[in-house]
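Undergrad: all I have is the shape, not the residue letters:
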């Protein structure tokens, strides 16, 4: 679940508070019992541990970038020649 989640603004206490921790989904899936108020402080260490163990985190700098990536993915799925390839991944 950590590899398929998309994190945005992961180190921001403000964004974490406003999104109730939804901006750090990979961390939430790995440590569901930890309150999201701690996520900004522990995210960088979590990312280091993931890298050490070969777990690839998907992270973007902010919400607009995350939404833009989602839009691009949906557009690619609607291209007849690429839809089947994307769904096989």
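TA: Perfect, thanks for sending it. A quick note: this is a predicted structure, and the numbers were derived from the prediction, not measured. Numbering: from 1, shown residues only.

Undergrad: how about residue 60, phi and psi?
TA: Dihedral pair for residue 60: phi -130, psi 160, per degrees, to the nearest 10.

Undergrad: now do residue 15
TA: phi -60, psi -40.

Undergrad: and the residue lying closest to it once chain neighbours are set aside, what does it touch?
TA: When the adjacent residues along the chain are set aside, residue 15 lies closest to residue 9, with 3.9 Å between them (Cβ to Cβ, 6 or more residues apart in numbering). Placement of C-beta: from N, CA and C, glycine included. Residues near residue 9 by Cβ atoms under 8 Å, 6 or more residues apart in numbering: 15-16, 23, 61-63.

Undergrad: return the set of residues that bridge with residue 60.
TA: Residues in a beta bridge with residue 60, per DSSP bridges, are residue 8.

Undergrad: for it, give its distance to residue 33.
TA: Distance, residue 60 to residue 33, by Cβ to Cβ, to the nearest Å: 26 Å.

Undergrad: between these two, which one's more packed in?
TA: Taking neighbours as other Cβ atoms under 10 Å, residue 60 and residue 33 compare with residue 60 leading, 17 against 4.

Undergrad: hang on, isn't the more buried one packed against residue 10?
TA: No. Counting by Cβ atoms under 8 Å, residue 60 does not reach residue 10; the two are 9.2 Å apart.

Undergrad: the bottom helix or strand of this protein by mean pLDDT?
TA: The helix or strand of the chain with the lowest confidence, counting by mean pLDDT, DSSP states H and E, is helix 80-88 at a mean of 64.

Undergrad: list of residues touching stretch 40-57?
TA: Contacts of stretch 40-57 (Cβ under 8 Å, 6+ apart): 2-3, 5, 7, 10-13, 16, 24, 26-27, 30-31, 34, 59.

Undergrad: quick one: which of the residues you listed has the most company?
TA: Within those, neighbour counts (other Cβ under 10 Å) peak at residue 24, which reaches 29 neighbours.
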